[in-house]
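Visitor: what's the 3D shape of this:
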Amino acid sequence: MALTEPAPDLRPHDKPPTTSGVRRAASSSSATVRGWPWTVRAGAAVFVVMVAVLALTPWIAPYDPAAQDLAQRLAGPSGQHWLGTDQLGRDVLSRLMYGGRFSVSIAAVTLLLSVVVGTLIGAFSARVGGMVDEFLMRVVDLLISIPDVVVALFLIAVFGTGYGTLISALTIVGWTPFARLMRGLALEINSRDFIEAAEALGCSRSFIIVRHVIPNAMRPLTALSFLRFGHKLITVGGLSFIGLGVQPPDSDWGAMLLDAQPYMEQMPLLVMVPGLAIFLTALSVSLIGQGVEPRDNKQ
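Guide: This next block holds a predicted model:
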């Protein structure tokens with residue numbers, strides 16, 4: 001009687017990770033971080049500090065960002081106001097911290113939605129193939145040629161300004177790069193032996209996508225997510241700068257640039273501070289993306 005190889009066990013392991021396994025995983029992550037160039041580690045440090053400050057803003061901000069003191073308008077940096085005050089006497093440091101919460105949170109939410117939608121569509125397109133795949137990729141080609149700002153202007157003209165409109169506009173086009181990347185990765189992953197084994201065992205298409213295809217594509221997707229975050233942040237700031245983003249009494253870094261424009265010569269710090277915040281945040285996240293990006297094609 002001919003002996004056949006047992007089918008591979010594709011069920012998740014029931015045993016919890018051992019202490020030694022956790023230590024090995026932690027050691028591997030630590031070694032990966034130590035292997036990053038100093039520029040990537042510097043970017044990660046800046047981003048961690050930035051997120052910590054924004055998370056603690058309600059407790060560490062020195063003033064209410066909307067509190068006005070006209071007697072102190074356009075005052076320079078001092079012990080009372082570290083970054084000075086704006087044209088209405090509001091503390092610039094407090095406005096910078098609270099404005100960063102809006103800018104970063106909107107960029108993060110739109111990025112998360114784009115990643116989820118694009119990953120699912122790309123994996124589904126590669127798995128189904130045929131006319132469905134061809135149709136979805138032509139839709140991607142069409143949307144990826146339209147700038148985010150154009151879509152945002154159209155939606156704002158139809159539905160008016162608001163957080164929902166802003167997030168929707170940045171997500172409608174934002175998912176396309178992730179769909180294209182996920183499709184290419186999925187086509188390569190679908191040719192591997194463990195996918196054929198899963199099909200032979202009768203695993204459903206959705207199970208294979210969620211359990212095998214997407215987890216094996218996470219590292220390139222994560223790298224692209226970091227690299228796209230800066231683009232989202234700059235787009236949010238740009239829309240606010242032209243008055244189509246966050247509306248008063250709320251404010252973000254782009255709105256701070258808009259308010260400071262008439263006072264650039266009298267108080268250059270009003271423009272430099274939010275502009276530098278956008279630049280450093282986008283740069284730090286992009287540097288992290290370069291560290292996370294796979295260095296070979298064996299992922």
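
Visitor: What ranges does the chain have for its helices?
Guide: Under the criterion DSSP state H, helices of the chain are mapped to 19-34, 38-55, 57-60, 92-128, 130-144, 148-159, 163-174, 176-189, 193-200, 205-208, 218-241, 253-260, 269-292.

Visitor: Make JSON lines out of those helices and add mean pLDDT.
Guide: As requested, the helices of the chain are exported to JSON lines (pLDDT from 0 to 100):
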{"stretch": "helix 19-34", "mean pLDDT": "53"}
{"stretch": "helix 38-55", "mean pLDDT": "89"}
{"stretch": "helix 57-60", "mean pLDDT": "92"}
{"stretch": "helix 92-128", "mean pLDDT": "91"}
{"stretch": "helix 130-144", "mean pLDDT": "88"}
{"stretch": "helix 148-159", "mean pLDDT": "82"}
{"stretch": "helix 163-174", "mean pLDDT": "84"}
{"stretch": "helix 176-189", "mean pLDDT": "89"}
{"stretch": "helix 193-200", "mean pLDDT": "78"}
{"stretch": "helix 205-208", "mean pLDDT": "78"}
{"stretch": "helix 218-241", "mean pLDDT": "88"}
{"stretch": "helix 253-260", "mean pLDDT": "89"}
{"stretch": "helix 269-292", "mean pLDDT": "89"}
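
Visitor: for those, which one ends up most surrounded?
Guide: Highest mean neighbour count among those (mean count of other C-beta atoms under 10 Å): helix 253-260, with a mean of 24. For glycine as for every other residue, the C-beta is placed from the backbone atoms N, C-alpha and C.

Visitor: Which elements pack onto that one?
Guide: When contacts are defined as 3 or more C-beta pairs under 8 Å, 6 or more residues apart in numbering; DSSP states H and E, helix 253-260 packs onto helix 92-128, helix 218-241, helix 269-292.

Visitor: chain center to the last one: distance?
Guide: Right, helix 269-292. 13 Å (C-alpha atoms, centre = their mean, to the nearest Å).

Visitor: Could I get the CA-only coordinates of it as PDB?
Guide: Coordinates of each C-alpha in helix 269-292 appear next as PDB, following Å, rounded to 0.1, in the frame of the first residue of the first chain:
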ATOM      1  CA  LEU A 269       6.800  82.600  14.600                       C
ATOM      2  CA  LEU A 270       3.100  82.200  14.000                       C
ATOM      3  CA  VAL A 271       3.800  80.600  10.600                       C
ATOM      4  CA  MET A 272       7.000  78.800  11.500                       C
ATOM      5  CA  VAL A 273       5.600  76.800  14.400                       C
ATOM      6  CA  PRO A 274       2.700  75.000  12.800                       C
ATOM      7  CA  GLY A 275       4.700  74.600   9.500                       C
ATOM      8  CA  LEU A 276       7.600  73.000  11.400                       C
ATOM      9  CA  ALA A 277       5.100  70.700  13.300                       C
ATOM     10  CA  ILE A 278       3.700  69.500  10.000                       C
ATOM     11  CA  PHE A 279       7.100  69.000   8.500                       C
ATOM     12  CA  LEU A 280       8.600  67.100  11.500                       C
ATOM     13  CA  THR A 281       5.600  64.900  11.900                       C
ATOM     14  CA  ALA A 282       5.400  63.900   8.200                       C
ATOM     15  CA  LEU A 283       9.200  63.400   8.100                       C
ATOM     16  CA  SER A 284       9.400  61.300  11.200                       C
ATOM     17  CA  VAL A 285       6.600  58.900  10.000                       C
ATOM     18  CA  SER A 286       8.200  58.600   6.600                       C
ATOM     19  CA  LEU A 287      11.500  57.700   8.100                       C
ATOM     20  CA  ILE A 288       9.800  55.000  10.200                       C
ATOM     21  CA  GLY A 289       8.200  53.700   6.900                       C
ATOM     22  CA  GLN A 290      11.700  53.300   5.400                       C
ATOM     23  CA  GLY A 291      12.800  51.300   8.400                       C
ATOM     24  CA  VAL A 292       9.800  49.000   8.200                       C
END
